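A.B. asks: Sequence plus predicted model, see below.
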Amino acid sequence: MALFKPAENTTAYLKMALMGFQGSGKTYTGTDTAIGLVQLMRKLKLPMGDKPIFFLDTEKGSDWIKPQVEAAGIGLFTAKTRAFTALLEAVPEAEANGSVMLIDSLTHFWVELTETYCAMKAREYKRASYRLQFQDWAFLKAEWRKFTDRFVNSSVHIIACGRAGFEYDYNEDENGKKQLEKTGVKMKAEGEMGYEPDLLVLMERRMDMETKTDQHIAHVVKDRSTLLDGKEFAEPTFKCFLPHIQRLNLGGRQLGVDTSLTSAKLIPADARDNRTIQRKIALDEIESLLVYHIPGQAAADKKRKLELLRTHFNASWTEMSEVMSLERLRQGYDTLHHTLEGTHSRYHQEAPEEPARDINDDLPEHSAPPAAAVKPPIDTTDVNGIPRFLKRERQEALPLEESPWIVLATR
């Protein structure tokens, strides 16, 4: 199966995000874009143009944009919740029944997920509160990724609004001291959320101090089509983002990223993580084998079962289930299986070949050299019976032929 295929545009749905501070016009701009998108689909006679807009509302914004949507002749369905689980459920529901899904504000779902996690940890550790630790982020990011995968791959237009927050970093001043400074603006959600949308817009409210009038400005932070990248629009409407939308394969097949392919086959199984389950399997096989051959509950049947456990495991059932090793359980099951059914089990291992014995290359007794003769004790006295070591001077004066070393050698 070939990995690469002829290229085609599989981005058929708008994936847009609007971030900004309070009063910057996120909800209004998102609503106007959603209305314009539905009207465009109706003009192109796409089936989704007849479906309502779904609004996942965390700030009561749907109450205020309802007249605007209904004036355009479009239905509006709302769900007012901040639960992250609802965010996961909303995407497939909107995909099946809606034309565009508005999310406002995405920030609340991230906050709810982290706060619920901390509350559960606090209860688990019996504390008044719990602060996120480094190891907690792996779980939270993995949970949030469940949403971003659906955001990218779902067959529904999604416009997500979120609160803006500053990015900070340390910079050295002229005195060499590190100062914490603002370095940018990002959406207040999981840290990598800004990478997911194809069109990312920063909304800003700008005030003219002379006229005391406000103006809403849309800064296009990211546009994958590059047609709008870096541009600014005052009082933005659907038409401002139309060049990006026209590059979509509207009405076509959506495939953001194929998440079905994984690297699971490259990761070896960890036997330590599997042993607990394997022990349960072995215990269940032992119990099933005993019940199959001795199904009764009479005293004789119970006695027979106990005798088999003693014979093949030399332990009680509690010891077997709590402390006995996996290897010993399998070994006992194999011998029990052979006793009851006359054949070995799948855990049977052939006995290893007996190692070759060491060859005895000693000479037989009839070919061995004769044992050395026992040497007589050395005569340490002189001809007069006087110990030689008592008179060193006399020992030194002995003739050579009377030396004890010569006597020993001649003997």
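C.D. replies: That came through fine. Numbers count the residues shown, from 1 in each chain.
A.B. asks: any idea how far Leu290 is from Gly296?
C.D. replies: Distance from Gly296 to Leu290, counting by CB to CB, to the nearest Å: 11 Å. Any C-beta I mention is one placed from the backbone N, CA and C, and that applies to glycine too.
A.B. asks: Looking at the two, which one has more neighbours?
C.D. replies: More neighbours surround Leu290 than the other of Gly296 and Leu290, with 17 against 11 (other CB atoms under 10 Å).
A.B. asks: what pLDDT, on average, does whichever helix or strand the more buried one is part of get?
C.D. replies: Counting by DSSP states H and E, the element that carries Leu290 is helix 271-293. On average, the pLDDT along helix 271-293 is 85.
A.B. asks: do stretch 41-56 as well
C.D. replies: 94.
A.B. asks: I'd guessed Thr148 sits against Pro197; true?
C.D. replies: No. In this structure, Thr148 is not within contact of Pro197 by CB atoms under 8 Å, at 9.8 Å.
A.B. asks: okay, the two: which has more neighbours?
C.D. replies: The neighbour comparison of Thr148 against Pro197 (other CB under 10 Å) goes to Pro197, with 25 against 18.
A.B. asks: any idea how far Leu340 is from that one?
C.D. replies: From Pro197 to Leu340 the distance is 65 Å (CB to CB).
A.B. asks: And Gln135, by the same measure?
C.D. replies: Gln135 is 49 Å from Leu340, by CB to CB.
A.B. asks: So for these two, which residue has more residues nearby?
C.D. replies: Counted by other CB under 10 Å, Gln135 and Leu340 do not tie: Leu340 has more neighbours, with 15 against 7.
A.B. asks: Quick check: buried residues in the helix or strand harbouring the more buried one?
C.D. replies: According to DSSP H and E, Leu340 maps onto helix 326-341. For helix 326-341, the neighbour count (16 or more other CB atoms under 10 Å) marks 326, 329-337 as buried.
A.B. asks: Now the residues you listed in TSV, please, with extra columns for pLDDT and distance to Glu192.
C.D. replies: Shown next, in TSV, are those (pLDDT from 0 to 100; distance: CB to CB, whole Å):
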residue	pLDDT	distance to Glu192
Leu326	89	42
Leu329	92	46
Arg330	92	46
Gln331	92	51
Gly332	92	52
Tyr333	93	50
Asp334	92	52
Thr335	92	56
Leu336	92	55
His337	92	54
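A.B. asks: Closest one of the residues you listed to Glu143?
C.D. replies: Leu326 (33.5 Å; CB to CB).
A.B. asks: what's the burial count for the closest residue to the closest one other than its chain neighbours?
C.D. replies: Among residues not flanking Leu326 along the chain, Arg279 sits closest, at 5.1 Å (CB to CB, 6 or more residues apart in numbering). Applying other CB under 10 Å, we find 18 residues neighbouring Arg279.
A.B. asks: ok, Arg279 to Lys15 distance?
C.D. replies: Arg279 is 48 Å from Lys15, by CB to CB.
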